[in-house]
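S.K.: coordinates only, sequence not included:
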């Protein structure tokens, strides 16, 4: 979790995330070097005359066309919020018909201690073996 609004908000977010099903690990990376990205899938209504324009925008933003239908394209873009907002603003006049976004996700840079933590009955339980942790995943 990267929370620019302060430690108190970060703790509230962390507590709420642990209430979600299948949350394996929550880490506050606000004060750690980390990589933060957002993902969006954007469905654009296009005819043959606009496909080249959407393809060019995808190249410029290093996005990918992940689905092509007779009357639409789905663009996948990852990056900063500003990058995704920029792409959305340029696609909007062409005709966005549907969009989903992940919101920001972060991972600390470099090698951590190699130990994954998951919530247990009495706080965090440490799993040294990755296969043991993977077995808990759905």
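M.R.: Okay, I see it. These numbers come from a predicted model, not from an experiment. Numbering: from 1, shown residues only.
S.K.: now the strands for this structure?
M.R.: Under the criterion DSSP state E, strands of the chain are mapped to 34-45, 64-68, 72-79, 96-101, 105-108, 116-120, 123-127.
S.K.: What's the separation between residue 93 and residue 105?
M.R.: Applying C-beta to C-beta, to the nearest Å, one obtains 29 Å for the distance of residue 93 from residue 105. Every C-beta, even on glycine, is put in place using the N, C-alpha and C of the backbone.
S.K.: And residue 79, by the same measure?
M.R.: From residue 79 across to residue 105, the span is 12 Å (C-beta to C-beta).
S.K.: cool, residue 58 as well?
M.R.: Counting by C-beta to C-beta, the separation of residue 58 from residue 105 is 22 Å.
S.K.: out of residue 93 and residue 105, which sits in the busier spot?
M.R.: For residue 93 against residue 105, the residue with the higher neighbour count under other C-beta atoms under 10 Å is residue 105, and the figures read 13 against 7.
S.K.: Now do the same contact list for the nearest residue to the more buried one once chain neighbours are set aside.
M.R.: Leaving aside its chain neighbours, residue 105 sits nearest to residue 37 (6.1 Å; criterion: C-beta to C-beta, 6 or more residues apart in numbering). Residues in contact with residue 37 (C-beta atoms under 8 Å, 6 or more residues apart in numbering) are 78, 79, 80, 104, 105, 106.
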